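J.: attaching a predicted model along with its sequence, questions to come.
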Amino acid sequence: MVSNVGVHNVLRSRGATPGVRWRETREFARLSAIVYGFAGIVVPVLGWLVGLTMLMTSPQWSRREKVVAAGVPTALTLIVALTAAVASAAEARADRLAAMVHLPSGYDVAWFGAVVVLIVTASIGLRLMHAIRD
């Protein structure tokens, strides 16, 4: 009877050197950058989280690149949410303040902000594609 208790099953890509995990390869790094940058467009929050998780587990990027990839879209999303809340509150009080009538609505701010966050995230994903280390 053969036991495989001591054997480590390692996922490897086709043509990879023995003992190298798939998440340590350039192919995985490319895939994680693509998923990070563009899966958020297809499945808005979940796709970005999956791509971010893949990105964080890959050793192909520096700590600084990983912090930027996680921090910039998160900070932009928080700024957009806060700005949309302020615009919605201003719109609700627009009848009292005649000067606020010409400000964009919270709905407009939220959609514009979501588009900006998606464009910035896709740009960071493309930047990560070019920054893959050997």
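T.: Sure thing, it's come through.

J.: can you map out the helices along this protein?
T.: Along the chain, the stretches classed as helices by DSSP state H are 26-42, 44-57, 63-92, 106-130.

J.: between the first one and helix 44-57, how many degrees?
T.: Between helix 26-42 and helix 44-57, the angle comes out at 160 degrees (axes from the mean of the first three to the mean of the last three Cα atoms, to 10 degrees).

J.: of the helices of the chain, flag the one that's most buried.
T.: Mean neighbours per residue, mean count of other Cβ atoms under 10 Å, is largest over the helices of the chain for helix 26-42, with a mean of 19. C-beta: built from backbone N, CA, C; applies to glycine.

J.: what is that helix packed up against?
T.: helix 44-57, helix 106-130 (3 or more Cβ pairs under 8 Å, 6 or more residues apart in numbering; DSSP states H and E).

J.: picking up where we left off before, need the helices of the chain in JSON lines with mean pLDDT, can you?
T.: Formatted as JSON lines, the entries for the helices of the chain read as follows, by pLDDT from 0 to 100:
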{"stretch": "helix 26-42", "mean pLDDT": "91"}
{"stretch": "helix 44-57", "mean pLDDT": "92"}
{"stretch": "helix 63-92", "mean pLDDT": "89"}
{"stretch": "helix 106-130", "mean pLDDT": "90"}
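
J.: mind listing what residue 86 touches?
T.: By Cβ atoms under 8 Å, 6 or more residues apart in numbering, residue 86 lies in contact with residue 106.

J.: likewise for residue 31?
T.: Residue 31 makes contact with residue 54, according to Cβ under 8 Å, 6+ apart.

J.: now do 6 Å
T.: Residues near residue 31 by Cβ atoms under 6 Å, 6 or more residues apart in numbering: none.
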